[in-house]
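A.B. asks: Just need the structure, nothing else, for what follows:
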Amino acid sequence: MSTEPKAKRSIFSGISTRDIVVIVIVAAVLGAIGVYNQWLNYILSAAFGVFGWKLLSGLFHTPGVLAANFTRKRWVAFVTQNLFAVTQLLLGASLGLVLFWLTLFEGVGQELVFYLFRYKKWTWWTIVLAGMASSLFASIPSYFLFGLGEMTWYTWIPAEVGVGMLSAALANFLISWGIPRLMAKAGIWKFPSESQAS
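C.D. replies: So this is what the prediction gives:
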């Protein structure tokens, strides 16, 4: 009988080279788009206040969810979401290091949803739910960093939680759910387990 101790399993075990490529591409492409999306949000914010800022905020909650849906692996959402922030910083994003607080909470929200389903449920509604959780969790640092606490609750809650979560739900349905499905149907992408791609 062997007495050799079992090797500890890394939290990133199972991550393949293909997964890493997906993480990097998603973070880089959406990070570049995110920089320009920030400036568009400033214009909408000037026109419609805090509600304008949240109209397109859903795009910020797609990188981690998209990469996770492609790979079906734990921690991919969290890592991708934070690399998304790195890309934006390297490209001169105006929010600066504040981005890391946002993506940290966003990544946790996304991973929490996938964890609750043990990384085995990859339906459209789990993808949408992960995006909405990302938006909800991002409202925590936003409350302290962007002065939301100085606003009345009936202004920032509908904007931050209502409009923000709806924007995240729509963006993730179209991007994080739609793109992988279209690629799979076209034969460009094969999910790790086709039985989970329902």
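A.B. asks: contacts, neighbours, all on C-alpha from now
C.D. replies: OK.
A.B. asks: Low-confidence bits of the protein, can you list those?
C.D. replies: Low-confidence segments of the chain, defined by pLDDT under 70, are located at 1-13, 39, 41-42, 44-53, 146-156, 193-198.
A.B. asks: The residue nearest to F60 when sequence neighbours are not counted and P158: what is the separation?
C.D. replies: Leaving aside its chain neighbours, F60 sits nearest to G34 (6.6 Å; criterion: CA to CA, 6 or more residues apart in numbering). From G34 over to P158 the distance is 23 Å, taken as CA to CA, to the nearest Å.
A.B. asks: Comparing the two, which shows the higher neighbour count?
C.D. replies: Neighbours per residue (other CA atoms under 10 Å) separate G34 from P158, with G34 holding more: 23 against 14.
A.B. asks: Enumerate the positions of the helix or strand hosting the more buried one that are buried.
C.D. replies: Element membership for G34 (DSSP states H and E) is helix 17-48. Within helix 17-48, the residues that qualify as buried by neighbour count (16 or more other CA atoms under 10 Å) are 19, 22-28, 30-32, 34-35, 37-38, 41, 44-45.
A.B. asks: Show me the helices in the protein, by range?
C.D. replies: If you assign secondary structure with DSSP state H, the helices in the chain sit at 17-48, 50-55, 63-71, 76-90, 98-116, 124-145, 153-156, 164-171, 178-185.
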